[in-house]
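In: below are the sequence and a predicted model; questions follow.
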Amino acid sequence: MTERRVFTVATVVLLVHALDDALVHRQPGLGAGQHAVAALVALVAGGAAIAVFPSLRPGLRAATAGVLGVFGLVNGAMHVQHVRADAAAASDVTGIVAVAASLALLGLAAAIPYRHRGERPHRRRLARAVALPAGLLAAVVVVVPVSLAVVDAHKWREPIGPPPGAAYEPVAFTAADGLKLEGWYHPSRNGAAVLVVHGGNSDRTGSVAHARFLARAGYGVLVYDARGRGESEGTPNGYGWGWQHDVAGAMRLLAARPDVEDGRVAALGLSTGADILLDVAPDRDDLAAIVADGAAATSWEDWRRLKPQPTLESAAGWVMFEALELFTGDPQPEPLAGEVARSDTPLLLISGDRGPEYEFNVQYAAAAGGPAEHWNMPDVGHTRGLHDRPGEYEQRVLAFLGRRLGT
């Protein structure tokens, strides 16, 4: 009876937080329907777990409590980090309470096997023999991927602070789907401008170093918080789903700037920002060139095309992307290789290391419908080119932009 009571109370607390996060204190600018499916799934799954929990064998009861405890703890940690970085707001209160409930579930998962030791010894030996490989498989294919999706859909916002210099103007603009986005703009001195798109779990501050060297070269530079990041409306998504609407709004802002001449706008993306620029390239004839630093994958289909053999890693990837769709309410985009093939926009593809990032960029360079350069830096980490080799990086990027923008 005690196990059932602890499990029921803790799971109800997690469900209350899920509803608060999805429907009551949802991210600014979002309608109630954005996360309605995720809320419904949480209710059904949580309610089913509470209903069947008493009838499960001890090992399955412990596993159920442990899995829910891990998911709740990962989600709650996002809210704890937000409070530490800024202040309590929106669903942070129920998120922090959910941390306590998750710890109770994890404690219950540890206590159940101990409380039932000695019961049915023959079955317990068999259960132990099966439990370890089954538990490892579940952790690799379900628990870890879903936890990663939770992080990508719930990354906390951090305070932005003042602009990086007196020449940077605060700007606000509307994404193509109506969300309000915030950023900074440095005016152009040469009639050309570069849109800089930050990485998936970053914000405009993560691309300031790139903005500075571009501004020193005379370019107008727009950096902004993508949806769900920094001071912009919307829900976060570490893979950038929906960011194409942000890029459309940013390009409208640059088109209206009196210091920027028609046809002289390029874009530089970092990590997820690079992915999104490759994704929008075929539909944006107003982009004269794209620098994609650290592009990789935006969907499971991207990974499947790179690694078509079925493996545990590919199964885990499928689970993660499906879970992210559920949590964010956004669909996965079309495969990047196909989008790159449809575009004739000149590309500078920058990759680090010699792993999947390199392999993805080799694939994109081969698929490109227009001129494409692939610059690999095997001794440099993900998007670390400017930091680790600043002189060479600036020279290569500025030379590419100069050829395409006439500067």
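Out: Alright, I've got the coordinates. Numbering: from 1, shown residues only.
In: biggest helix in this protein by residues?
Out: helix 58-85 (DSSP state H).
In: and residue 295, what does it touch?
Out: Residue 295 sits next to 269, 271, 274-275, 278, 336, 349, 351, 357, 360-361, 364 when contact means CB atoms under 8 Å, 6 or more residues apart in numbering. (Each C-beta comes from the backbone N, C-alpha and C, glycine too.)
In: follow-up on the earlier one: list the buried ones in the longest helix of the chain?
Out: Of the residues in helix 58-85, 58-59, 61-80, 82 count as buried by neighbour count, 16 or more other CB atoms under 10 Å.
In: now do it: which elements does it pack against?
Out: helix 2-19, helix 36-52, helix 92-115, helix 121-138, helix 144-154 (3 or more CB pairs under 8 Å, 6 or more residues apart in numbering; DSSP states H and E).
In: and those helices, which is most packed in?
Out: helix 144-154 (a mean of 21; mean count of other CB atoms under 10 Å).
In: can you redo the helices and strands packed on helix 58-85 as JSON lines with distance to residue 389?
Out: Formatted as JSON lines, those follow (distance: least, CB to CB, whole Å):
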{"stretch": "helix 2-19", "distance to residue 389": "45"}
{"stretch": "helix 36-52", "distance to residue 389": "42"}
{"stretch": "helix 92-115", "distance to residue 389": "40"}
{"stretch": "helix 121-138", "distance to residue 389": "40"}
{"stretch": "helix 144-154", "distance to residue 389": "29"}
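In: which of the ones you listed has the lowest mean pLDDT?
Out: Per-segment mean pLDDT for those reaches its minimum on helix 121-138, at a mean of 66.
In: any idea how far stretch 386-394 is from the chain center?
Out: 26 Å (CA atoms, centre = their mean, to the nearest Å).
In: any idea how far apart the tips of that stretch sit?
Out: Terminal residues of stretch 386-394 lie 7 Å apart, using CA to CA, to the nearest Å.
In: what's the closest of the contacts of residue 295 to residue 257?
Out: Comparing the contacts of residue 295 against residue 257 with CB to CB places residue 269 closest, at 19.9 Å.
In: for the closest one, which three-state class applies?
Out: strand (DSSP: H, G, I helix; E, B strand; the rest coil).
In: any idea how far the nearest residue to residue 347 once chain neighbours are set aside lies from residue 143?
Out: Distances taken as CB to CB, 6 or more residues apart in numbering place residue 372 nearest to residue 347, at 4.3 Å, with adjacent residues excluded. With distances taken as CB to CB, to the nearest Å, residue 372 is found 39 Å from residue 143.
In: which of the contacts of residue 295 are buried?
Out: Judged by 16+ other CB under 10 Å, buried ones among the contacts of residue 295: 269, 271, 274-275, 278, 336, 349, 351, 357, 360-361, 364.
In: quick one: which of the residues you listed sit in helices?
Out: Using DSSP H, these in helices are 274-275, 278, 336, 357, 360-361, 364.
In: including pLDDT and distance to residue 211, could the residues you listed go into TSV?
Out: Listed next are these as TSV, based on pLDDT from 0 to 100; distance: CB to CB, whole Å:
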residue	pLDDT	distance to residue 211
274	98	15
275	98	19
278	98	20
336	97	25
357	96	23
360	97	25
361	98	23
364	98	24
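In: from memory residue 177 sits against residue 241, does it?
Out: No - judged on CB atoms under 8 Å, residue 177 makes no contact with residue 241 at a distance of 12.0 Å.
In: picking up where we left off before, now distance to residue 166 too, for the ones in helices among the buried ones among the contacts of residue 295, in a markdown table please.
Out: Converted to a markdown table, these look like this (distance: CB to CB, whole Å):
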| residue | distance to residue 166 |
| --- | --- |
| 274 | 29 |
| 275 | 33 |
| 278 | 34 |
| 336 | 38 |
| 357 | 36 |
| 360 | 39 |
| 361 | 37 |
| 364 | 38 |
